[in-house]
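> Predicted structure and sequence below. I'll ask about it afterward.
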Protein chains: 2
Amino acid sequence: MIESLSSDAPVFEAVQPPRRILLGPGPSPVDDRVLRAMSAPLVGHLDPIFLETMDEVQSMLRYVFETNNRVTIPISGTGSAGMESTVANLLEPEEEALICINGYFGERMSDMVSRLGARPVRVECEWGSTLDLDKVRTAFKKSSARVIFAVQAETSTGVLQQLAPLREIADERDGLLLVDAVTSLGAHSVGADRVGIDACYSGTQKAISCPPGLAPVTFSERSVEKIRSRKVPCSSWYLDLSLLLNYWGKERVYHHTAPISMVYALHEALRIITEEGLEARARRHELNHRAFVAGIEAMGLSMQVAKGERLWTLNTVRVPDGVDELRIRKQLLEEFNIEIGGGLGVFKGRVWRVGLMGAGSIENNVLLLLAGLEKALADASFKVSGSGVSAAAAVYSQQKSKDGTA
Amino acid sequence: MIESLSSDAPVFEAVQPPRRILLGPGPSPVDDRVLRAMSAPLVGHLDPIFLETMDEVQSMLRYVFETNNRVTIPISGTGSAGMESTVANLLEPEEEALICINGYFGERMSDMVSRLGARPVRVECEWGSTLDLDKVRTAFKKSSARVIFAVQAETSTGVLQQLAPLREIADERDGLLLVDAVTSLGAHSVGADRVGIDACYSGTQKAISCPPGLAPVTFSERSVEKIRSRKVPCSSWYLDLSLLLNYWGKERVYHHTAPISMVYALHEALRIITEEGLEARARRHELNHRAFVAGIEAMGLSMQVAKGERLWTLNTVRVPDGVDELRIRKQLLEEFNIEIGGGLGVFKGRVWRVGLMGAGSIENNVLLLLAGLEKALADASFKVSGSGVSAAAAVYSQQKSKDGTA
């Protein structure tokens, strides 16, 4: 029997998005190869051909994380799902966890941990700076926490956190180091095994340059042991690693229907990374960041984060006094088709966030953005002190002559 | 400073999946229009153009769910994430919930509810049959549950559950009706408002014919009220509806980076549904199911589910005695490029699961599958009692002459 159904279907045009130059906090621009791979015909999530693709994705993710961890998979959700998967699996109810907070994503983690019924021990440090290690050490000693969480690449502030000192602190009491590498993986070295990271998550839409929708994660054997000895099952069925591993492992037991097309896309994005090589990719990100900063400073603007603590992938530029930051962003979008981001949390209205990530981290984008910014600032009656474009171009020339490619 | 990185990058070929005929329990075949839409250039998740796309997706989802519910969105995960989002938001710790179980997905829901710290009151009914309503009523009366969960379309058994009687039972004590429509939405009428469903979830990879990766959900105002009056926050930050609605609602507050490409794909898949119309789409699914069953029965095989209780989208065919079900599936895949599914749970090894969903529910697929099955059964020395293809073809001829299109 077929019920009589409403016939007033809404009618909409097909989506026809413009080709934006994505220089915000993510998503980053995606290579056409990735878009083509994503639109390949679907196969089943237990198809022998797809199982092979899964194996290859795991292998390339291990390369990017710089790890031999068996448990290295993409979670079927965006970066935040990957974030939640780590603590949902690692922490038990009532367990303390040391949460280092120097930006928005530390705050978010603290919230996630509370919701799971575990207890965040909050180490609050200044937004826009690296962590106060003495404070971290003291708090860790006073707590019963076994897990220390820190953000390697704070997308909200543009700060790069060195991980080795945190590893040392964790080692004082057999601690597990849990790291947010959402905005670093694929640009800054994560070095999971070299550093000794026990659990790490990222997203696909930043320096991996793949559409958002998957969250690469990796867990050390120590983490897996902790998860295996849980007393209470993971509160999330969807994110339970022990179930996920039956599908990603040799058993291939059905868990959920994997997002096939997204896995195709990630496979191609990772192939592009392996072709370029992690080290060359890091150098490229560093160079474009350096040229951008030279341009910004030549214009008389200033970076929010101190030199030496800056991410290459996410650049926070101070909004000059008297300038309406939203109007500048709007003009960049409408006149130049360029997206940059506004501030988040305590930096709302105070900084622009400029992403130079993955396929977006190229000379043309840096020069065009500086040109567009100069024009928009002039329209807003802000006088720049010099040409950002010239200063950036000089950095590229210097590098090219040093490399012998000029 | 750039660390010295490992240079032994793994090298893999690009993914080149074959064009399978996907007649398993999902993913279903996807129209090329959807694949093209998915590979459109990315824009930011706060881009004015994307926000418009989000509005349109919500509007078309309301059409497909047959609801005016404001809270109708795609969750950024596969169907199981949608499933978990309903109970993670609706139930508080220690709260009882009536879980009707007549297949694998009822079991899964029971597991999810337990993990969340709520208490499933399990009403166990026979796999492959509809629910025993007296049992449901009695259990509901005895419990303190406010939420009744049932599966409209049990993907593991092929059973279609009528929802009106469950609504009546729920009404005896102001109950909320929570429905799994993963394998029905877009084929069988869900009729959320007509039936009085309070929360419903689905997946994109079944009768919607969009790649897996998003989970459409809808919540009635009564459900939203219950969520608003929670005493304990939702244990999942990622799935917390109150946060999600700040992004999908007028405020557009950043929550997580939406899976842009998947939303493009869903937009186009929904456009295809609105063009066809829900009623015509239901008729198409019913016809192809009927022709398939006629073919199966003409061959001397039998359906697992009693007539009148069968899904059009997911057909469970009994494996004849002495036939190796896996060998048949393997031959269909390798010789004819056709994927069908095996049994799940108590039906493992006992049934084949044939999906005729969305773009996959067409005459050509039915005839080809019956032909392939006949060949594979003959190779396995199983003698069919008659031509499945002829019997199915007769159903189509009959329908065409009735419609005046022959």
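Looks like it came in fine.

> Let me know how buried residue A:338 is, in neighbour terms.
The burial count assigned to residue A:338 is 23, neighbours taken as other CB atoms under 10 Å in any protein chain shown. In short, each C-beta sits where N, CA and C put it, glycine included.

> mind listing what the nearest residue to residue A:95 once chain neighbours are set aside touches?
In space, and not counting its chain neighbours, residue A:95 is closest to residue A:118: 4.9 Å by CB to CB, 6 or more residues apart in numbering or on different chains. For residue A:118, the contacting residues are A:87, A:91, A:92, A:93, A:94, A:95, A:96, A:97, by CB atoms under 8 Å, 6 or more residues apart in numbering or on different chains.

> Got the phi and psi for residue A:118?
Comment: the main-chain dihedrals of residue A:118 come out as phi -90, psi 180, following degrees, to the nearest 10.

> so which strand or helix has whichever residue of the stretch 51-200 of chain A sits closest to chain B?
Among residues of the stretch 51-200 of chain A, the one nearest chain B by CB to the nearest CB turns out to be residue A:80. It sits 4.1 Å away. When secondary structure is defined using DSSP states H and E, the element that contains residue A:80 is helix A:79-90.

> do residue A:98 as well
With DSSP H and E as the criterion, residue A:98 is inside strand A:96-101.

> which bits of the stretch 101-250 of chain A sit near chain B?
Near chain B, the residues belonging to the stretch 101-250 of chain A are A:108, A:111-112, A:114-117, A:189, A:191, A:194, A:203, A:205, A:211-213, A:233-238, A:240 when assessed by CB under 8 Å from any CB of the partner chain.

> Turn the contacts of residue A:118 into TSV, columns for neighbour count and pLDDT.
Supplementary listing: those in TSV, determined by neighbours: other CB atoms under 10 Å in any protein chain shown; pLDDT from 0 to 100:
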residue	neighbour count	pLDDT
A:87	25	98
A:91	28	98
A:92	18	97
A:93	13	97
A:94	9	97
A:95	18	98
A:96	17	98
A:97	26	98
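
> Show me the two of the residues you listed that sit farthest apart.
Using CB to CB, the pair of the contacts of residue A:118 lying farthest apart is A:87 and A:94, separated by 13.6 Å.

> In chain A, mark out all the strands, start to finish.
Applying DSSP state E to chain A gives strands spanning A:21-22, A:71-75, A:96-101, A:119-124, A:147-151, A:153-154, A:159-160, A:176-180, A:199-201, A:215-219, A:314-318, A:338-339, A:341-342, A:351-355.

> Listing partners with orientation, what would you give for the last one?
This means strand A:351-355. Using DSSP bridges, the strands paired with strand A:351-355 in its sheet are strand A:314-318 (antiparallel), strand A:341-342 (antiparallel).

> Can you report how many residues neighbour the closest residue to chain B within the stretch 101-250 of chain A?
Proximity to chain B, evaluated over the stretch 101-250 of chain A using CB to the nearest CB, is greatest for residue A:213 at 3.5 Å. The local packing count at residue A:213 equals 34, with neighbours defined by other CB under 10 Å.

> Which residue comes closest to it once chain neighbours are left out?
residue B:259 (3.5 Å).

> low-confidence ranges in chain A?
Scanning chain A for pLDDT under 70 picks out A:1-7, A:406.

> 50 instead, please
Counting by pLDDT under 50, chain A has low-confidence residues at A:1-5.

> List the contacts of residue A:184.
Applying CB under 8 Å, 6+ apart, one finds that residue A:184 lies in contact with A:152, A:153, A:160, A:190, A:202, A:207, A:311, A:313.

> cool, residue A:132 as well?
Residues touching residue A:132, when contacts are defined by CB under 8 Å, 6+ apart, comprise A:123, A:125, A:126.

> so what are the domain limits for chain A?
By the record's domain assignment, chain A is partitioned as A:32-275, A:278-403 (automatic domain parsing).
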